[in-house]
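# sequence and predicted model, in that order:
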Amino acid sequence: MEFEINEFNQLFFKNSFFEPNDNQLLDLGTKIVQSSVNDDIKIDIIYNLITIYPNNYLLYYWMGYLHLTLKPNNAFYWFKQCYKINPLYIENLLDMLKILFENDLLSYMQKINDDNNNIMYESTDLRMRLLVASYTSKKKQFNQSINMYHKLLEETELTITDRIICNSNIGITCNDVSNYKKSMYHLETAVDLFITQPLGYKIQNNIDNAMFMFNNLFLVQDYVYNDVNEMFDRYLKLDRLLIQHNKYDFPKQNSKIRIGYLSGDYNGHSVSNFIHPILKNHTDLFEIHCFSIAKIYKPIPYNITNHNVRQLNIQDLADYIYKQKINILIDLAGHTFPNRIEVFTLNPAPIQVTYLGFPNTTGLSSIKYRITDSIADNMDSLQKYSEQLYRLPKCFLLFEDIYKLSKPKPRITPSDCIVLGSLNRENKTSFDTLHVWKTILTECENTKLLILLKSHINEEICIRTKYYCDKLNVSEDRLIITPYVDGEHGYNKLFEQIDIILDPFPYSGTTTTCKALLHSIPVVTKYHKDYHSHNVSASLLINSGVPELVAYTDDEYVEIVKSLVSNPSKIDDYKDTIKDKFKELMNPDEFMKSYEEMLLDMYNI
């Protein structure tokens, strides 16, 4: 190929002085670009070709494609140049739209669609149809998206990989509209499709596809009551697929213990409210490193070392973490998106821990500890973990609202129309939860229920309103249906309308419960000793000194709410006092003393 490169350079200089009268240079350059030479040479070749053939749209596409993995912003520039010359070239259009999709620039996708005669929706290309189904779901048009995926599954030409993606996405989107049975069916179908494939397929597609479908399955199964043994078996399936590596040596030679945190987002995710107060209050016993895989990187402004590692693949990330000589590496995402949890199978740190981001086990034998407390994870719980549980003496959470907005003032509770609130993610509102809420609304006629939806699309609002009226057996005037609120300020204002927060189950609130208590709104929750996800609100309430708001049966839950509704002055007492009790629990000095003692114990074992 060296000969062809030299020949290309000679032809290029010749054609730089004279108008090319044939395609010899273009043909030779194309041959080199399609060969196995390194990408830097290919980029130089294409750049030179563009100066000679500035109207050749394929050259711009090739340039974008070569930048796609490492420099997506640069790639988008070149795709845009190709688009200007040939807006209908499908390969370029797909890659350009995917960049917009991955960066949540949905309005730009819509403009491209509108400028080209509805090309996204009219396209017969299966890849485009798959992208549009995902785009429609991200726009919160959930039922339309589910129908699109089903139509794709009818296509005989759909690849196994795309069938896995379709089933997985149907599963997660069905969960968005509370169709849990269908959700679990499609997610398990995706897993079974993958596992039954030949070994060569699984090796080739292991990381991307295995993590995608298993993450989705694990995200959904906490929303309904599942047999704890079946739940755990699903995690073990993933652990068996991921090969564990132990290629690193770990001499203890740091002057300070180095703690590494790995997160998908330190600044915009709900986990930020819990990790920031920890990072801010770490003592100088430790050297803190934060590894970020966020789309938009923003260094954390505390006495820590920030690392932007989004562009590193799994092996390079493991090598990079190892070179920082991290003693304890703490995963903050679990199986939520985005994550790099598979890096823990490479064991880049001698002690590996999971915390905060996910309400269940990781299932990975390479992660040794999971941080919790004795209320969230009862000592007699039947729930199974691959990790060893480390229970902090009080609540395992330290909360501080990262948005620093002014706190809404709770209203004086009226006796004639008490507003119950459901502000958690809508898919947490299970059939079991709705059954109990139906009883409350039936027996407490002076109440209304405010429900925050996951969508703001009119069609979805109508569908969800009818759904709740049917499930709760109430007329629409008993419900305050609130479309999705985009922005923390609007979300905070909702607390001014609410007198009691009703916690869902089996997946209780975490951030929502903390915000409610910080805004001095009482929360009623239900406890179950065998499910961590069930009990986070209970841990917050009991450790805040209000255990009477925790029910242990459906009947108790109803009776607690009925007792409050029949005594509005009692609700106002909570509105006056519960904020201070919660803030006392969230004392950073007391929490950090226990938390750092735990880290020392882990290090010294």
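Okay, I see it.
# for stretch 478-498, what is the average pLDDT?
Average pLDDT, stretch 478-498: 93.
# only C-alpha atoms, please: export that stretch in PDB.
The C-alpha atoms that make up stretch 478-498 are tabulated as PDB, following Å, rounded to 0.1, in the frame of the first residue of the first chain:
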ATOM      1  CA  ARG A 478     -60.900  13.700  41.500                       C
ATOM      2  CA  LEU A 479     -57.500  13.800  39.700                       C
ATOM      3  CA  ILE A 480     -55.100  16.600  39.100                       C
ATOM      4  CA  ILE A 481     -53.300  15.300  36.100                       C
ATOM      5  CA  THR A 482     -50.000  17.200  35.700                       C
ATOM      6  CA  PRO A 483     -48.000  16.900  32.500                       C
ATOM      7  CA  TYR A 484     -44.300  16.200  32.600                       C
ATOM      8  CA  VAL A 485     -42.500  19.200  34.100                       C
ATOM      9  CA  ASP A 486     -39.200  20.100  32.400                       C
ATOM     10  CA  GLY A 487     -37.000  21.900  34.900                       C
ATOM     11  CA  GLU A 488     -36.400  21.800  38.600                       C
ATOM     12  CA  HIS A 489     -38.200  25.100  39.400                       C
ATOM     13  CA  GLY A 490     -41.500  23.900  38.000                       C
ATOM     14  CA  TYR A 491     -41.100  20.500  39.800                       C
ATOM     15  CA  ASN A 492     -40.500  22.300  43.100                       C
ATOM     16  CA  LYS A 493     -43.600  24.400  42.700                       C
ATOM     17  CA  LEU A 494     -45.700  21.300  42.700                       C
ATOM     18  CA  PHE A 495     -45.000  20.800  46.400                       C
ATOM     19  CA  GLU A 496     -47.000  24.000  47.100                       C
ATOM     20  CA  GLN A 497     -50.100  22.200  45.900                       C
ATOM     21  CA  ILE A 498     -49.700  19.000  47.900                       C
END
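# and for the helix or strand that contains N15, what's in contact with it?
For N15, the element it lies in under DSSP states H and E is helix 2-17. Residues outside helix 2-17 that contact it (Cβ atoms under 8 Å, 6 or more residues apart in numbering) are 24-25, 28-29, 31-32, 35, 37, 41, 45, 48, 51-52. Heads up, the C-betas are built off the backbone N, CA and C, glycines and all.
# least trustworthy helix or strand in the chain by mean pLDDT?
None of the helices or strands of the chain scores lower by mean pLDDT, DSSP states H and E than helix 199-204, at a mean of 68.
# show the subsequent helix or strand relative to that helix.
Downstream of helix 199-204, the next assigned helix or strand under DSSP H and E is helix 211-221.
# chain center to that next one: distance?
Mean-position distance between helix 211-221 and its chain equals 11 Å (Cα atoms, centre = their mean, to the nearest Å).
# what are the buried residues along that helix?
Of the residues in helix 211-221, 211-221 count as buried by neighbour count, 16 or more other Cβ atoms under 10 Å.
# hang on, the earlier thing: with distance to V177 and neighbour count added, can I get the contacts of helix 2-17 in TSV?
Compiled in TSV, these are given as follows (distance: Cβ to Cβ, whole Å; neighbours: other Cβ atoms under 10 Å):
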residue	distance to V177	neighbour count
Q24	59	14
L25	56	21
L28	55	18
G29	51	25
K31	52	13
I32	51	19
S35	49	13
V37	50	16
I41	50	15
I45	50	25
N48	53	20
T51	53	11
I52	54	17
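# residue ranges of the strands in the stretch 251-400 of the chain, please?
Counting by DSSP state E, counting those that start in this stretch, the segments of the stretch 251-400 of the chain that form strands are 257-263, 286-292, 305-308, 328-331, 351-354, 369-373, 388-392.
# now the ones you listed as TSV including distance to K448, mean neighbour count and mean pLDDT?
Formatted as TSV, the strands of the stretch 251-400 of the chain follow (distance: least, Cβ to Cβ, whole Å; neighbours: other Cβ atoms under 10 Å; pLDDT from 0 to 100):
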stretch	distance to K448	mean neighbour count	mean pLDDT
strand 257-263	38	24	97
strand 286-292	42	21	97
strand 305-308	46	16	97
strand 328-331	41	25	98
strand 351-354	40	24	98
strand 369-373	35	23	98
strand 388-392	38	17	98
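# of those strands, which approaches I463 most closely?
With Cβ to Cβ as the criterion, I463 lies closest to strand 257-263 of the strands of the stretch 251-400 of the chain, at 34.7 Å.
# partners of the closest one, with directions?
Taking DSSP bridges as the criterion, strand 257-263 forms sheet pairs with strand 286-292 (parallel), strand 328-331 (parallel).
# which residues touch stretch 215-225?
Residues outside stretch 215-225 that contact it (Cβ under 8 Å, 6+ apart) are 168-169, 171-172, 175, 180, 183-184, 187-188, 190-191, 231, 234-235, 334-337, 339, 358-360, 363, 427-428, 430-432, 506-507, 531, 533.
# before we move on, what about stretch 591-605?
257, 259, 278, 281-283, 285-286, 327-328, 351, 353, 368-369, 371, 390, 392-394, 398.
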